Structure formats: structure tokens, C-alpha cells
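>>> model the structure of this input:
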Amino acid sequence: MTDVPAHHEDTDSRATDPAPPVSDWHPMANDITFSITTTRFDEDYAPAENSRVTTNFANLARGEGRQQNLRNALSMIDRRFNDLAATDNPRGDRYRIELDIVSVQLRFGDGADDEQFPVIEVLDVHIVDTLTGERHQGIVGNNFSSYLRDYDFSVVLPAANAGATGFTVPDDFGDLHGKLFQHFLASDAYRERFPQSPVICISVSTSRTYRRTGTVHPVLGVEYEQDAFSLTDEYFGKMGLQVRYFMPRGSVAPLAFYFRGDLTTDYSDLQLIGLISTMETFQKIYRPEVYNAVSAAGAVYRPTLDEPDFVRTDIDYDREERSQLAVVQGRYAEEHFVKPHRRILDQWAADYAAPVR
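Predicted coordinates for the structure are as follows:
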């Protein structure tokens, strides 16, 4: 496996020293700063030799068939994009998607040390029109990976429910993560790179029932509403994101879209198509029982991973390993970020006020 160049790092999967070289730090209030590095996600993508395979991207880029794995996934994205962007596209090959992994590092800005910690990883989409040669900025966000979120769900939540008679969620569950995320979106580091708010697109919850509303968007498709907010919905809510559920044309299950502002008017059709084609492809790989099911969701829909009637993609992905690594990653965050900096994090979170939008 070849090393990623030094200035392109998959910081969510580093084993012992997750901190990339210091570069382009943006001072912020409250002694917390962020930096951003990017890695092109293409068929040549490979995590560094010393990395720990904790991300969905790194999981795909493994083994003897890694390059074919990546090539197949990227081809699926391009086909789906051209399927949805059919106008003036008779051969279905007008557009090509380029993806960058965006890795966000945090540093305490009090000058006490230079330690950096990877906090967030998302995808940035670029749309290439091969007919005109134009490049269009897509939506940043898409996938969402976070050490601190894995800590919350894989360490904090199980500890709160150890020996409990019923499921319980701590009152402050996700508070720190949500504040850090909103602080990052308000930072110069984010605003200098990305002109729009992010949109995160993930699978619907298997613990909820979804019903069609009658609303149909020309790109996003048929809208669904959930019977109650899931824990994930509430967690993203603390990040300042609201949720809507849509099943695009040609899809078999709705996707969950987490966003600020107005999802249906803040982004162009091409941007929304880039988001859908990218994340629906990943969900077909990660959760084929839901997103590659033979039968499409009906008016009332309850997703399940026990669905027997589905088609597997020819792309290898170890879902069980990914779940196990979430625990490892959560404990890493506890040991190297939460515990050593508990006092300053608690003080920062207590003083933090989310910016008015």
C-alpha cells in the first residue's frame, strides 16, 4: 500500500499520531483553532502505511482488489449522477464527479502545546461538465466521520446504560460535539474554503417508521416524515442541523438529509444531484439491504437490515469491522482528547454561544 503524500492525509484513520504538520491555522475566539487538509478520493487513494482503518473510505481501499473497489464505486457515482442529470445528456456520460476527503484538525490556541487532534471528516464534491469544460462546486458534507461522535456513541452511551433497567441518554449527550461543529462552521478556516453550509446525507434509521407526505421535489424526489426523532436526529440537531427525508427518482429508500437553511432552495439542481449520487452509492455499498433492495419503499416504510430480498454490489466492505473500529476510535478520542483536556473543554463549552444565523 502506497503512502498518501504528506500534504494529503486521511486524519480520521491515523494510529498513534493523528496530527498533520501545522499549516494555515486560523485564530478564533475561546482559544480553539481549526485547520483543514484535503485528500483526493479516487482510484489511487490509499491510507498511509501507519494509518488505522477506521473510515468507510479506508475500508474500501484495502486488499488486493482495493483499486477495483474504488474504481467501481466511483463509476457507480458517475452513472447515477448522469441518470439524474438527463437534460442535454443523451448518452448519459456528460458529467464526472471528483471527490475530496476534507479532514479537520483542532488545536487549543493558548500556546501551551502544539498538539492537534482530528475532529471531523467530510466529503467535498466537484462536478465536471465534460461537454462545456465547466467545473461546478458541489456540496461539502455528504459523509460525516468524527472521533468525538464515536466517543459519544461507543463509550459514553454504553457506559450510561450499563446495568440500567431501560435505555437512557445523558442530558448533555452530544453537547460538546455539537458546539465544536458549529464553532468550526463559523470559523475562518471553513468560511474561506466553503461558500455554503454543509449537508450531511446518511441512511434512515432502522428504529423509525417513515410515511410519505405528498411533497415531491424535482431532484430530491418524494418526501417522507418520521414518526419520531431518532437519537441521531437529536444528535445532529445539537450540531445546528435540521433533517428532512427524500427518496429520489430511481431510488428504493429515502435518505436522511441534515442541513442548515433551506435544503430545497439554497443549492442548485446539480449540487443536489452530486450529493444524492455520491451518498446513495455509498449507502448501496454499506447498507444494500435498504438501498439495494429489490422492492422500493411504499407509502409507509420501516427500513430493516434483515431484508432478504436485495442485491449486493461487487464492492467489498466489512461492515462488522467498521462497527468494531468505531469503539476503538471512540476510546482513542477519550484517551487522547477528552480526558487530557476535560477541564478546558468543559470551560469552553460552558462559555460557548452558537452564532446567530
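
>>> three-state assignment of Ile97?
Taken by DSSP: H, G, I helix; E, B strand; the rest coil, the conformation at Ile97 corresponds to strand.

>>> and the helices in the stretch 251-357 of the chain?
269-286, 288-291, 319-333, 342-351 (DSSP state H, counting those that start in this stretch).

>>> worst mean pLDDT among those helices?
Note on the helices of the stretch 251-357 of the chain: lowest mean pLDDT is at helix 319-333, with a mean of 80.

>>> any idea how far it is from the chain center?
Distance of helix 319-333 from the chain centroid (CA atoms, centre = their mean, to the nearest Å) equals 16 Å.

>>> what is that helix packed up against?
Applying 3 or more CB pairs under 8 Å, 6 or more residues apart in numbering; DSSP states H and E, we find helix 319-333 packed against helix 56-60, helix 147-151. The C-beta positions use only the backbone N, C-alpha and C, and glycine is treated the same way.

>>> by mean pLDDT, show me the worst of those.
helix 56-60 (a mean of 64).

>>> next SSE after it?
For helix 56-60, the succeeding helix or strand toward the C-terminus, using DSSP states H and E, is helix 66-84.

>>> Asp44 - that's part of a helix, no?
No - assigned with three-state DSSP, Asp44 falls outside any helix and is coil.

>>> what's the closest non-adjacent residue to it?
Spatial nearest neighbour of Asp44, chain neighbours left out: Gln67 (7.3 Å); criterion: CB to CB, 6 or more residues apart in numbering.

>>> out of the helices of the stretch 251-357 of the chain, deepest packed?
helix 269-286 (a mean of 24; mean count of other CB atoms under 10 Å).

>>> coming back round to it: kindly state the pLDDT recorded for the residue nearest to Asp44?
84.

>>> for Leu74, same thing?
94.

>>> dump the residue contacts of it.
42-43, 97, 99 (CB atoms under 8 Å, 6 or more residues apart in numbering).

>>> if I look at it, how far off is Tyr210?
Using CB to CB, to the nearest Å, we find Leu74 at a distance of 29 Å from Tyr210.

>>> equivalent analysis for Pro340, please.
42 Å.

>>> between these two, who's got more neighbours?
Tyr210 (24 against 13; other CB atoms under 10 Å).

>>> could you find the closest non-adjacent residue to that one?
Per CB to CB, 6+ apart, closest to Tyr210 is Tyr224, 4.1 Å.

>>> touching, the one you found and Ala253? I think so.
No - between Tyr224 and Ala253 there is no contact under CB atoms under 8 Å: 9.4 Å.

>>> touching both of those two, which residues are there?
204, 247, 297, 301.

>>> reformat the residues you listed as a markdown table; add pLDDT, neighbour count and distance to Phe236.
Putting the shared contacts of Tyr224 and Ala253 into a markdown table (pLDDT from 0 to 100; neighbours: other CB atoms under 10 Å; distance: CB to CB, whole Å) gives the following:
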| residue | pLDDT | neighbour count | distance to Phe236 |
| --- | --- | --- | --- |
| Val204 | 96 | 27 | 13 |
| Met247 | 98 | 23 | 19 |
| Ala297 | 97 | 20 | 21 |
| Tyr301 | 97 | 22 | 20 |
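
>>> what's the burial count for the closest residue to Tyr190 other than its chain neighbours?
Of all residues not flanking Tyr190 in the chain, Phe184 sits nearest, at 5.7 Å (CB to CB, 6+ apart). Using other CB under 10 Å, Phe184 has 20 other residues around it.

>>> now do Phe184 against Ser207, distance only.
Counting by CB to CB, the gap from Phe184 to Ser207 is 29 Å.

>>> and if you look at His336?
31 Å.

>>> for Phe108, same thing?
From Phe108 over to Ser207 (counting by CB to CB), the distance is 37 Å.

>>> more neighbours: which of these two?
Remark: of Phe108 and Ser207, Phe108 carries more neighbours, 19 against 13, as counted by other CB under 10 Å.

>>> list the contacts of the closest residue to Tyr332 other than its chain neighbours.
Counting by CB to CB, 6+ apart, Tyr332 lies nearest to Tyr147, which is 6.7 Å off, once chain neighbours are set aside. When contacts are counted by CB under 8 Å, 6+ apart, Tyr147 touches 12, 117-119, 329-330, 332-333, 337.
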